[in-house]
Structure formats: structure tokens, C-alpha cells
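*Asks:* Please work out how this folds:
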Amino acid sequence: MALLANSYGDTGEIAALVPRYANQGNTFDPTTRPTLLQVESLCDQVSALLNAMLANAGFSIPIADADAVLMLDLFVNQEVAALCEGINGSGRFGPTAKNASGSRFTMMLSDVMEFIKSSALGLERLGATRTYDPIAGISYRATDESGNDTAPIFQRSAFGNVFKDWD
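*Replies:* Presented below is the predicted three-dimensional model:
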């Protein structure tokens, strides 16, 4: 099996992050814990979660810009490496880890959301296509359906912000 077309990450790079769980050739195979098939599946799953949250933030997925993909690869590699540690009983996803959020999935979802929140503008500036901006719908109408002038819902005077003409 290979990674899905819309997945990020690289099993060789993950093996380099957790060499004690890879074989002597620094790769995963059917005898390692986790196996190559499991690592590929984890990459696909973390990528699917990442893509869902990227789509929620308005990005067209999968991201195709080369620099943005490198950044997403790094994120998925780090998350999957942490999962490999957890499978082997250590790290932040391990059974003895202090987890205030309650579950490994909640921790991972929090990681993804924080990653996207902190990097959305950078991804967009790198060239990742953003077809929807969650705040783009906020606007002001100066006229109603009949063409009559409308007053803004919030006006400065409503908040005690009154200006005096001192001239």
C-alpha cells in the first residue's frame, strides 16, 4: 500500500524521527512495530483530519503549493511519529502520558486546529488556494431592498462615542 494521493508525510522521514521503532535500514516493514502498513494508514488518517480542518478554514484540498506541502508533510510526520511512540508505550500519546483533554483524538484534533490557526495566513501567502474566507460574509448594506438608505445597526453614539466640533 502507498499513501493516498491527498495525504501528506513520508514513512522514511517518520522512521528517521523514531529510529528505535524502525528496522536496521531505518524503514518500517511488516515486522516493525508499528508496521509499514500501519504507518501509511496513520499518515492517511492524520492527513484526512488535516484536510477536513483545512477545508473548514476555506482551503482547497489537497494543498498543492510545494512549500505549503513541505510544511504539511512536517506536521503529519511529527504527529505520526508521536503516534508511533504511543503505540510502543511512550511519548505524549502513550498510555502513561498526562492527558488533560481526555483522549488521544482530542489531543490530535487540538494539535491540528492550533496548527491551522497559526499557519493559515502563511499557507495562503505561500500560494495555497483559499476559496472561502470564514469572515468574508461580514458586510454593511447602505440601502435596503427598495433602495432606501439604512442606518448601521451599531452607531458610535450608541456607545457614548460622541464627537464635538471644537471649531
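
*Asks:* Mind listing what's buried along stretch 68-75?
*Replies:* By neighbour count with 16 or more other Cβ atoms under 10 Å, stretch 68-75 contains the buried residues 68, 71, 72, 73, 75. Using the backbone N, CA and C atoms, a C-beta is placed for each residue, glycine as well.

*Asks:* Of the residues you listed, which belong to helices?
*Replies:* With DSSP state H as the criterion, helices contain 68, 71, 72, 73, 75 from among the buried residues of stretch 68-75.

*Asks:* Spatially, and excluding backbone neighbours, which residue is closest to residue 87.
*Replies:* With sequence-adjacent residues excluded and distances taken as Cβ to Cβ, 6 or more residues apart in numbering, residue 87 is closest to residue 34, at 5.0 Å.

*Asks:* List the buried residues of stretch 71-87.
*Replies:* When burial is assessed from 16+ other Cβ under 10 Å, stretch 71-87 yields the following buried residues: 71-73, 75-87.

*Asks:* Now for these: which two are most distant?
*Replies:* The distance between the two most remote of the buried residues of stretch 71-87 (Cβ to Cβ) is 25.1 Å, for 71 and 87.

*Asks:* What lies in contact with the lowest-mean-pLDDT helix or strand in the chain?
*Replies:* Between all helices and strands in the chain, the lowest mean by mean pLDDT, DSSP states H and E belongs to helix 104-126, at a mean of 93. Contact with helix 104-126 is made by 46, 49-50, 53-54, 57, 59, 63, 65, 67-68, 71, 75, 79, 83, 86, 92-93, 99, 101, 130, as judged by Cβ atoms under 8 Å, 6 or more residues apart in numbering.

*Asks:* what do you get if the cut-off is 7 Å, keeping everything else the same?
*Replies:* Residues outside helix 104-126 that contact it (Cβ atoms under 7 Å, 6 or more residues apart in numbering) are 49-50, 53-54, 57, 59, 63, 65, 67-68, 71, 75, 79, 86, 93, 99, 101, 130.

*Asks:* filter those residues to the buried ones?
*Replies:* 49-50, 53-54, 57, 59, 63, 65, 68, 71, 75, 79, 86, 93.

*Asks:* Contact partners for residue 142?
*Replies:* 149, 150.

*Asks:* Correction: the previous question concerned residue 69.
*Replies:* Counting by Cβ under 7 Å, 6+ apart, residue 69 has contacts 8, 63.

*Asks:* how much space between it and residue 34?
*Replies:* Remark: distance between residue 69 and residue 34 (Cβ to Cβ, to the nearest Å) = 24 Å.

*Asks:* cool, residue 40 as well?
*Replies:* The spacing between residue 40 and residue 34, counted by Cβ to Cβ, is 10 Å.
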